[in-house]
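> sequence first, predicted model second:
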Amino acid sequence: MEIPENIPNSVRSKILIDALPHIQRYNGKIVVVKYGGNAMTNEALKQAVMSDIVLLSLVGIKVVLVHGGGPEINDMLRRLNIESKFIGGLRYTDKETVDVVKMVLAGKVNKELVALLAEHQGSAVGLCGIDGQMLMAEKVESEQDLGYVGDIVSVNTKPILDALNGGYVPVIATVASSKSGQTYNVNADTAAARIAAELKAENLILMTDIAGLMRDKDDPSTLMPFVNVSEVPFLKRQGIISGGMIPKIDCCVEAVRRGVHKTVIIDGRIPHSILIELLSNEGIGTQFK
Ligand SMILES: Nc1ncnc2c1ncn2[C@@H]1O[C@H](COP(=O)(O)OP(=O)(O)O)[C@@H](O)[C@H]1O
Ligand SMILES: CC(=O)N[C@@H](CCC(=O)OP(=O)(O)O)C(=O)O
């Protein structure tokens, strides 16, 4: 997007200089960005996210990009005539589906994001949880069987730190492996929170396709700018949190409890929302405390 010609230079320079304390705060720090869902299906927004990540890396912020790709998996399953089924916001993953998930996340989506970052003159390496035994998982135990959906049991941060120290943005697909070599499908929000906690990240940013957590999900005026994690069980009992928001909120709670300094859900439909979140005084979306 072009900046209109009539904006005075004093305003342009003020915007840049106002970013300075934020750049100083985050310089050398790790920020985990989870990007996925419908926020990842709009091409123009995707380009904006990639340029934001390259900019943040160039000002010394160590960005780790954890991605989803639910809509792409749905699309591929549809083409293969396999039904998509969700239980409590998680995909029921049978033997055929886990192969499709691996193919789409670690193959198509991961490599597309790496290539897009390169297009924006960024340096990225694509990894999935199986690489370097980064994400080890076991089958999720729940009332309803979820098939090959994994719970992360351990995280090896070395491949991520090696990539960061080599000057690369690690781009992570959230398929994991068990000790016996079985592939598991891990929800990308859950994985991002766990990775952020293990990396002792300064900030976890979950980008989605809605303004944040709302009391009424169909009414943006009910956006909750701050949520204390102790309120979450009550919000769940009231049915305020449902569908895909359930794993998202659970992982925000986990990230806060495990010491990530700032955990936010932001609206990925707003162009450059990551820059606004990190480099300005604007509070957007929902912050968990
Ligand atoms: N209280 C709520 N506030 C906002 N969104 C909610 C709420 N409860 C349920 N949702 C739903 O959760 C969705 C976000 O989860 P999901 O689609 O899984 O995100 P993503 O694909 O970005 O990971 C929203 O689009 C919305 O329909
Ligand atoms: C277990 C589970 O639900 N895994 C997700 C992994 C991808 C994901 O989380 O993608 P989004 O962030 O785009 O929704 C799935 O299969 O859709």
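Right, received. Where do you want to start? Ligands and ions are numbered 1, 2, ... in the order given.

> please make it C-alpha for all contacts and neighbour counts, starting now.
Will do.

> what about stretch 228-235, start to end distance?
11 Å (C-alpha to C-alpha, to the nearest Å).

> what about it, near ligand 1?
No. Residues of stretch 228-235 are not located near ligand 1 by C-alpha under 6 Å from any ligand atom, the shortest gap being 8.4 Å.

> so which bits of that stretch are buried?
229, 232 (16 or more other C-alpha atoms under 10 Å).

> got the residues of the stretch 151-289 of the chain near ligand 1?
Residues of the stretch 151-289 of the chain lying near ligand 1 (C-alpha under 6 Å from any ligand atom): 208-210, 212-217, 240-245.

> now do the helices in the chain.
9-18, 20-26, 43-58, 70-79, 95-102, 110-119, 158-165, 188-198, 232-237, 245-257, 273-279 (DSSP state H).

> could you dump these to a markdown table with distance to residue 263?
A markdown table is the format used below for these (distance: least, C-alpha to C-alpha, whole Å):
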| stretch | distance to residue 263 |
| --- | --- |
| helix 9-18 | 22 |
| helix 20-26 | 14 |
| helix 43-58 | 18 |
| helix 70-79 | 22 |
| helix 95-102 | 27 |
| helix 110-119 | 23 |
| helix 158-165 | 20 |
| helix 188-198 | 9 |
| helix 232-237 | 14 |
| helix 245-257 | 6 |
| helix 273-279 | 11 |
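
> return the most buried member of the ones you listed.
Across the helices of the chain, the average number of neighbours (mean count of other C-alpha atoms under 10 Å) peaks for helix 188-198, which reaches a mean of 26.

> who are the packing partners of it?
If you count contacts as 3 or more C-alpha pairs under 8 Å, 6 or more residues apart in numbering; DSSP states H and E, helix 188-198 packs onto strand 30-35, strand 62-67, strand 150-155, strand 203-208, helix 245-257.

> who are the packing partners of the last one?
When you say that, I think you mean helix 245-257. Short answer (3+ C-alpha pairs under 8 Å, 6+ apart): helix 245-257 packs on helix 188-198, strand 262-267, strand 286-288.

> how about the stretch 151-289 of the chain: which residue is closest to ligand 1?
Using C-alpha to the nearest ligand atom, the single residue of the stretch 151-289 of the chain nearest to ligand 1 is residue 244, 3.2 Å away.

> filter the residues of the stretch 151-289 of the chain next to ligand 1 down to just the ones in strands.
Assignment to strands by DSSP state E places the following of these there: residue 208.

> of the residues of the stretch 151-289 of the chain next to ligand 1, which qualify as buried by neighbour count?
By 16+ other C-alpha under 10 Å, these give 208-210, 212-215, 217, 240-242, 244-245 as buried.

> I'd like those laid out as TSV, including distance to ligand 2.
Output for those, formatted as TSV (distance: C-alpha to the nearest ligand atom, whole Å):
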residue	distance to ligand 2
208	8
209	10
210	13
212	15
213	16
214	18
215	21
217	17
240	19
241	16
242	14
244	7
245	10
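
> dump those residues to TSV, plus pLDDT.
As requested, those are exported to TSV (pLDDT from 0 to 100):
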residue	pLDDT
208	90
209	89
210	91
212	94
213	95
214	95
215	94
217	91
240	92
241	90
242	86
244	80
245	89
